[in-house]
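J.: Output the structure for:
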Amino acid sequence: MEQLAADYLADQSPGAAITFMEDSYLGKATRPRGVAGLLRQSWGNSSHLWMWDYKSLAKELKDVGFQGVRRAEFGDSGDTMFDAVEDERRWHKCLGMECWRP
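T.: Numbers count the residues shown, from 1 in each chain. You can find the predicted model right below:
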């Protein structure tokens, strides 16, 4: 959320709000039509239910008992198993977090 908001505020173009809505998946360009479309909307799992920034997610994680909460960056986990599957493309404009639960 933090990155999307910063990008929106920095973009002075007339399409800034449209880009924000598309990138955040908060807006819908079309309304579902027909029974199949309504079922997909009702039972699908393709919309954001909540948006987080670092501060709010760190607070929630700490409140439920996680420790060592920190902002993570691509390639900094130190866990070879994680390094084996990490993909830099998935970090583009995304928030990475690391923590553990005792």
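J.: Just the CA trace of stretch 35-55, in CSV.
T.: Below are the C-alpha coordinates for stretch 35-55, written out as CSV (Å, rounded to 0.1, in the frame of the first residue of the first chain):
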residue,chain,number,x,y,z
VAL,A,35,-24.4,-16.5,-14.0
ALA,A,36,-20.8,-17.6,-14.6
GLY,A,37,-19.5,-14.1,-14.0
LEU,A,38,-21.5,-13.7,-10.8
LEU,A,39,-20.3,-17.1,-9.5
ARG,A,40,-16.7,-16.2,-10.3
GLN,A,41,-17.1,-12.9,-8.4
SER,A,42,-18.8,-14.6,-5.4
TRP,A,43,-16.6,-17.7,-5.1
GLY,A,44,-13.4,-16.6,-6.7
ASN,A,45,-10.3,-15.4,-4.9
SER,A,46,-9.0,-12.6,-7.1
SER,A,47,-9.6,-9.5,-5.1
HIS,A,48,-7.8,-7.8,-2.3
LEU,A,49,-9.6,-8.0,1.0
TRP,A,50,-7.1,-5.7,2.8
MET,A,51,-4.1,-3.6,2.0
TRP,A,52,-1.1,-3.3,4.3
ASP,A,53,1.9,-1.1,4.8
TYR,A,54,5.0,-2.0,6.8
LYS,A,55,3.9,-0.2,10.0
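J.: Residues touching that stretch, excluding its own?
T.: For stretch 35-55, the external contacting residues (CB atoms under 8 Å, 6 or more residues apart in numbering) are 1-2, 4-5, 24-26, 32, 60, 71, 95, 97. C-beta coordinates here come from the backbone N, C-alpha and C atoms, glycine included.
J.: 6 Å instead, please
T.: With contact meaning CB atoms under 6 Å, 6 or more residues apart in numbering, stretch 35-55 is reached by 1-2, 25, 32, 71.
J.: cool, and stretch 83-91?
T.: Outside stretch 83-91, the residues within contact range by CB under 6 Å, 6+ apart are Phe74.
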